[in-house]
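[1] only geometry, no sequence info:
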Ligand code: HEC
Ligand code: HEC
Ligand code: HEC
Ligand code: HEC
Ligand code: HEC
Ligand code: HEC
C-alpha cells in the first residue's frame, strides 16, 4: 500500500499544478481587462484655450468641415494651430461674420481674403464665443500620433477589447486543454496503480470472451438493413430537395464592386443616413443606387481617409486609391479643384434582383409600412462589402406578411379599412396577410 500513497502525492502535485495554471490565466485575464479600461481614462484630450475639444470637434464637423481641414488646404486654409496666428477676439469676429470684418478694412482679414482668391467664408452668427472657444480648442490639439500597425495584428484593431477577448479566450482554451491532458495522465496513472494493486493482491484479470464482430451481426439482420436503407434514402432525398430549393437563391451574394465602397465606413462609422444616398427607397419602387455627384457632395473635400479608418485587412493606401477611382470616374482634378469634364461611368454590380414576374415596392414597405431597411437588408452599417442578406424567396415575403402587424396608428389611409377588416377577422391588430398581402396578384404581374 506504500505505492498507493506515492500515487496520491503525484495526483496532489498535479492538482496543485492545474490550480496554479488556472489562477495564472485568470489573473492575466484581469490584467488585460484593466489595461483595456485604462486608456479610456488617459485618452481624455487636454483642452487648449479653455474650450472643450470634444464639443469643438462636433461643431467643427457640423459647420466648418465642408470647407476646412485641420492639416491641409481645402476651400479654406488648414486650421490646425490657428490660435497661434490670431487673437481670440479677432477669431470671434471673423467666424461670426468674416465679410463684415473684411469690409471694415481690418488688415489681417483683407490679407487672408486676398490670399484665398477672394472666396467668401460663410457667416456663423449663431455660434457663441464659447462655441468658438471649443472649436479653437479642437484645432489646437496636436496632430494625433498614429501607432504603426503592430505585426501581430492584435493591437492593430481599433477597439482593443475585441482583440483582447480573443487572447483571453485563447488562454482559457489553453487552460482547458491543459486540464484535459492532466486528466488523461491521471487516468493512465490510476490504471497502472490499480493493476499493480491487483497484481499484489493476486487477482487475475480475465481476458474478454470472443464474440461475433458487430458488422457481421448487422449484415445478418435483414430488418436492420431495411431500416438503414430507408434512412439513407430519406436523408439523401432531404439533401437533394435542399439542393433544388436553393437553386436561384442568391442569399449571401457578395460581388466585388468596381470601387470598394464600404457601408461600414459611410453608414456605420460616419452615420450617414441610408436615405441620403438611397433617397428613391422612400418614394418609389426601387431602392436606387446614388449617382456619383451625390458622392462628390462630400468627396470634393474628402480625398483621403483618416489613419484610424484603416483596418488590418484594408490599408489607408487602399482606401485612398478607391477615392481616386471615384475622382477618375467623375473627372475631378484635385490639384485645381475643378471638374475636367472627362467622365466614365462606374459599373456597380447589381446584387438584389427579383425575377421579372414579381412586383416589389420599396415605398410601400419603407414609408407606408415603416419597416427598417435592416429588417430586409441586414446590418448594412456593419458590411465592409455589400451583400444579399435575405433569401428573396416567395416564402420569405409570405412569412413576413403573415407575421408583421401593419402600423395603423396615425395613418388615415387605414382608418376605414381597419374598421372593416378588424370586424371581419374579429381582431384588433391586422397583419399584412389579412390586408391582402397573400393575394397572388399583389406580388405577381
Ligand atoms: C463655405 C466655406 C467655409 C466654411 C463653412 C467655413 N470657412 Fe473659414 N474660411 C473659408 C475661406 C474661403 C477662408 C479664406 C478667407 C476668405 O477667402 O474669406 C476661410 C478662413 C478662415 C480662417 C482664417 C484662416 C487663416 O489661415 O487665416 C479661420 C480662422 C476660419 N476660416 C475659421 C472657420 C471656422 C471656425 C469655421 C466653422 C465655424 C469656418 N471657418 C467655416 C471658408 C469657409
Ligand atoms: C454614401 C452613400 C450610401 C449610403 C449612406 C448608403 N448606401 Fe447603400 N449603396 C451605396 C452604393 C454606392 C451602392 C452600390 C455599391 C455596393 O453595392 O456596395 C450601395 C448598395 C446598396 C445595396 C445593394 C444594392 C444592390 O445592388 O442590390 C443595399 C441593399 C444598400 N446599399 C442598402 C443600404 C442601407 C440599408 C443603408 C443604410 C444603413 C445604405 N445602403 C447606406 C451607397 C450608399
Ligand atoms: C455624407 C458624406 C459622404 C458621401 C455622400 C459619400 N462619402 Fe465616401 N466617405 C465619406 C467619409 C466621411 C469617408 C471616410 C473618411 C475617413 O474615414 O477618414 C468616406 C470614405 C470613402 C472611401 C474610402 C473608404 C471606402 O469606403 O472604401 C470611398 C472609396 C468612398 N468614400 C466612396 C464614396 C462613394 C462612391 C460615394 C457615393 C456613392 C460616397 N463615398 C459618398 C463621406 C461621404
Ligand atoms: C420589406 C423588405 C425591404 C425593405 C424594408 C427594404 N428593402 Fe431594399 N430591397 C428589397 C428587395 C426585395 C429588393 C430587390 C428588388 C428587386 O430586385 O426588384 C431590394 C433592393 C434594394 C436595392 C437595390 C436596388 C433596387 O431597387 O433593386 C437597394 C439599393 C435597396 N434595396 C435599398 C434599401 C434601403 C436604403 C432601404 C431602407 C430605406 C430598403 N432597401 C428597405 C427589400 C427591402
Ligand atoms: C419585413 C417584412 C416584410 C417582407 C420581408 C416583405 N413584406 Fe411586403 N409588406 C410588409 C408589410 C408590413 C406590408 C403592409 C404595408 C402597409 O401597407 O402598411 C407589406 C405590403 C406589401 C404589398 C402590398 C399589399 C397590399 O395589400 O396592398 C406588396 C405587394 C408586398 N408587400 C410585396 C412584397 C414582396 C414581393 C416581398 C418579397 C420580395 C415582400 N413584400 C416582403 C412586410 C414585408
Ligand atoms: C408577398 C408576395 C407574393 C405573393 C402574395 C405570392 N408570391 Fe409567388 N413569388 C413571390 C416571389 C418573391 C417569387 C420569386 C421567388 C424566387 O425567385 O425564388 C415568387 C415566385 C412564384 C412562382 C415561381 C416559382 C419559381 O420557383 O420560379 C410561382 C409559380 C408563384 N410565385 C406563384 C404564386 C401563386 C400561385 C400565388 C398566390 C397563391 C403567389 N405566388 C403569391 C412573391 C409572392
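    That came in fine, so what should we check first? No experiment lies behind these values; they were computed from the predicted model shown. Numbering: from 1, shown residues only. Ligands and ions are numbered 1, 2, ... in the order given.
[2] What average pLDDT does stretch 233-244 get?
    Stretch 233-244 comes out with an average pLDDT of 93.
[3] can you give me the strands in the protein?
    According to DSSP state E, the chain carries its strands in the segments 332-333, 338-339.
[4] does the first one come close to ligand 3?
    This points to strand 332-333. No. Counting by C-beta under 6 Å from any ligand atom, ligand 3 is not contacted by strand 332-333; separation bottoms out at 12.0 Å. Bear in mind the C-beta positions are built from the backbone N, C-alpha and C, glycine included.
[5] and that strand, what does it pack onto?
    strand 338-339 (3 or more C-beta pairs under 8 Å, 6 or more residues apart in numbering; DSSP states H and E).
[6] and the stretch 201-350 of the chain, which residues reach ligand 2?
    Residues of the stretch 201-350 of the chain lying near ligand 2 (C-beta under 6 Å from any ligand atom): 257, 261, 263, 266-267, 272, 274, 276-278, 287, 289-290, 348, 350.
[7] redo that, cut-off 8 Å
    Within the stretch 201-350 of the chain, the residues that sit near ligand 2 (C-beta under 8 Å from any ligand atom) are 255, 257, 259, 261-263, 266-268, 272-278, 287, 289-290, 294-295, 298, 348-350.
[8] Would you state the helices of the stretch 151-300 of the chain in chain order?
    According to DSSP state H, counting those that start in this stretch, the stretch 151-300 of the chain carries its helices in the segments 161-201, 214-220, 222-245, 263, 274-277, 280-283, 292-299.
[9] Now do the fourth one, average pLDDT.
    Averaging the model's pLDDT scores along helix 263 yields 95.
[10] Quick one: residues in contact with it.
    Contact partners of helix 263, identified using C-beta atoms under 8 Å, 6 or more residues apart in numbering, comprise 380-384, 386.
[11] Is that helix positioned near ligand 4?
    No. Judged by C-beta under 8 Å from any ligand atom, helix 263 and ligand 4 are separated, with a smallest distance of 10.1 Å.
[12] Please apply the same query to stretch 434-445.
    No. Stretch 434-445 does not reach ligand 4 (C-beta under 8 Å from any ligand atom); its nearest approach is 10.4 Å.
[13] before we move on, back to that, reformat the helices of the stretch 151-300 of the chain as a markdown table; add mean neighbour count and distance to residue 423.
    Below are the helices of the stretch 151-300 of the chain laid out as a markdown table (neighbours: other C-beta atoms under 10 Å; distance: least, C-beta to C-beta, whole Å):
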| stretch | mean neighbour count | distance to residue 423 |
| --- | --- | --- |
| helix 161-201 | 13 | 54 |
| helix 214-220 | 10 | 64 |
| helix 222-245 | 10 | 39 |
| helix 263 | 21 | 45 |
| helix 274-277 | 17 | 36 |
| helix 280-283 | 16 | 33 |
| helix 292-299 | 15 | 47 |
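[14] would you list those helices in JSON lines and tack on distance to residue 131?
    Output for those, formatted as JSON lines (distance: least, C-beta to C-beta, whole Å):
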{"stretch": "helix 161-201", "distance to residue 131": "34"}
{"stretch": "helix 214-220", "distance to residue 131": "83"}
{"stretch": "helix 222-245", "distance to residue 131": "60"}
{"stretch": "helix 263", "distance to residue 131": "32"}
{"stretch": "helix 274-277", "distance to residue 131": "26"}
{"stretch": "helix 280-283", "distance to residue 131": "33"}
{"stretch": "helix 292-299", "distance to residue 131": "23"}
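[15] Quick one: closest of these to ligand 3.
    Nearest of these to ligand 3, taken as C-beta to the nearest ligand atom: helix 292-299 at 2.7 Å.
[16] Give me the helices and strands touching the closest one, please.
    So helix 292-299, by 3+ C-beta pairs under 8 Å, 6+ apart, packs with helix 316-330.
[17] coming back round to it: ok, which of the contacts of helix 263 also contact ligand 4?
    residue 380.
[18] Can you say which of the contacts of helix 263 are buried?
    Applying 16 or more other C-beta atoms under 10 Å to these, the neighbour count classes 380-381, 383-384, 386 as buried.
[19] Give me the buried positions along stretch 117-128.
    Here stretch 117-128 shows 121, 124, 127 as buried, counting by 16+ other C-beta under 10 Å.
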